[in-house]
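**Student:** I'd like to go over a predicted model; first the sequence, then the structure.
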Amino acid sequence: MNKISRKDFICLSMASSLAIPFIGCAGKSTGAGKSEDQQSKAPTYADTIGLQVFAFRDMLVNDAPNLFKSFASAGVKSIEFFNPATLNEYVPIVKDCGMLPLSTHFMPGYVTGNWRMARSMNMAPPDNYHYENIIEDCVRNGIKYMGIAILLEEDRPTLDDYKRFAEKFNACGEKSKAAGIQLFYHNHSFEFEPVQGTTPYDEMLKIFGKELIKLELDVFWVTVGGQDPLLWLQKTGDRLLFLHMKDLKKESQTGIFNFNIPEDSYTELGTGMLDYMAILQLTRKLGIQYAIVDQDNTQMTDKIASVRQNCEYIKSLGI
């Protein structure tokens, strides 16, 4: 696959109008030897902290075993994949490193049948790999959750197209649920753009079956879209599955419904304008078990250091 950054990936699309104890990769942990106090201690988000690995896709191709080992050493407990066709290769490595293979994202073409833009970005699936194959690979590898990564522009030219997608997604949710897999939707900011007196997100939520389609709320993109993440957490609490996290540079402009934001908008947790103490206190109250770091971009030279800083911040909150 040619190298393509998240920013290039998104700009191209716009232009086309449960914790497992960490034991390293060398052995297994039984949890034996823990004191009663340790065993009875309530889990925190640091005990289950997830990482979406999209930003590391080129590094994964070069040396997946050592990269996953680095994630575990940095404090990551759960992994969210971005390419379901790689699950059979990567899941055994993740398990060997003591982390939980939690979920996978996938491209919208598996639902909409539109692959033109994905092909132009070298993001199309292998031949004869379809939605049913994702379900099979999730079942085979013990992954219980799968979700749409992004709706490309060709999938959503009008509000009616968002609605048609939501209907198709429900049908996909029926298939996933029959196999014991929960389907979810991951947002960006474009879903919150006002149109015809409503927003695409509001309209899709009206259509999504509450048990068929859960939500992975990316509070960074909610904020970029000029929305209050705490309000949306409260509004969608009974439908929330996961939280997606990165921080937004202080004093950044919001109310933006595309991806034309400065590269330095993306910053590590606790260094930007999002109140993650309040956010995580609310998600804990709502019963959300997994908070997933999705650091699309970093100004840090060492990307593993960025992962470690995010994990240490979450640990420092004690939530």
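**Tutor:** It's in.
**Student:** all strands for the stretch 201-319 of the chain, in order.
**Tutor:** Here the stretch 201-319 of the chain has its strands, by DSSP state E, counting those that start in this stretch, at 213-218, 240-245, 247-248, 266-267, 290-293.
**Student:** What are the buried residues along the first one?
**Tutor:** Within strand 213-218, the residues scored as buried using 16 or more other Cβ atoms under 10 Å are Ile213, Lys214, Leu215, Glu216, Leu217, Asp218. In this view, the C-beta of every residue, glycine as well, is placed from N, C-alpha and C.
**Student:** ok, the second one touching Gln182?
**Tutor:** Looking back up the chat, that one is Lys214. Yes - between Lys214 and Gln182 there is a contact at 5.8 Å, judged by Cβ atoms under 8 Å.
**Student:** Now for those two: what residues contact both?
**Tutor:** By Cβ atoms under 8 Å, 6 or more residues apart in numbering, Lys214 and Gln182 have these common neighbours: Leu241.
**Student:** how about the strands of the stretch 201-319 of the chain in TSV, adding distance to Gly113?
**Tutor:** Shown next, in TSV, are these (distance: least, Cβ to Cβ, whole Å):
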stretch	distance to Gly113
strand 213-218	19
strand 240-245	25
strand 247-248	34
strand 266-267	32
strand 290-293	28
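**Student:** Low-confidence ranges, the stretch 1-150 of the chain, go.
**Tutor:** Low-confidence segments of the stretch 1-150 of the chain, defined by pLDDT under 70: 1-40.
**Student:** where do the helices sit along the stretch 101-250 of the chain?
**Tutor:** For the stretch 101-250 of the chain, the helices defined by DSSP state H, counting those that start in this stretch cover 109-112, 116-120, 131-141, 159-178, 200-207, 219-224, 229-235.
**Student:** Out of these, flag the one nearest Gln253.
**Tutor:** helix 219-224 (8.7 Å; Cβ to Cβ).
**Student:** other SSEs contacting that closest one?
**Tutor:** With contacts defined as 3 or more Cβ pairs under 8 Å, 6 or more residues apart in numbering; DSSP states H and E, the packing partners of helix 219-224 are helix 229-235, strand 240-245, strand 247-248.
**Student:** Tell me the buried residues in the first one?
**Tutor:** Just to be clear, that refers to helix 229-235. Pro229, Leu230, Trp232, Leu233.
**Student:** any idea what Pro43 is structurally, helix, strand or coil?
**Tutor:** Secondary structure for Pro43, judged by DSSP: H, G, I helix; E, B strand; the rest coil, is coil.
**Student:** What count of nearby residues applies to it?
**Tutor:** By the criterion of other Cβ atoms under 10 Å, Pro43 has 12 neighbours.
**Student:** any idea how far Ala291 is from it?
**Tutor:** 12 Å (Cβ to Cβ, to the nearest Å).
**Student:** any residues in contact with both of these two?
**Tutor:** In contact with both Pro43 and Ala291: no residue, using Cβ under 8 Å, 6+ apart.
**Student:** For Asp137, which residues are in contact?
**Tutor:** Contacts of Asp137 (Cβ under 8 Å, 6+ apart): Pro84, Ala85, Leu87, Asn88, Ile143.
**Student:** Is it correct that the second one is in contact with Ala124?
**Tutor:** No - taking contacts as Cβ under 8 Å, Ala85 lies outside contact range of Ala124: 10.0 Å.
**Student:** re earlier: make CSV from the strands of the stretch 201-319 of the chain and add distance to Ala149 and mean pLDDT to it.
**Tutor:** Compiled in CSV, these are given as follows (distance: least, Cβ to Cβ, whole Å; pLDDT from 0 to 100):
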stretch, distance to Ala149, mean pLDDT
strand 213-218, 10, 98
strand 240-245, 11, 98
strand 247-248, 20, 98
strand 266-267, 17, 98
strand 290-293, 13, 98
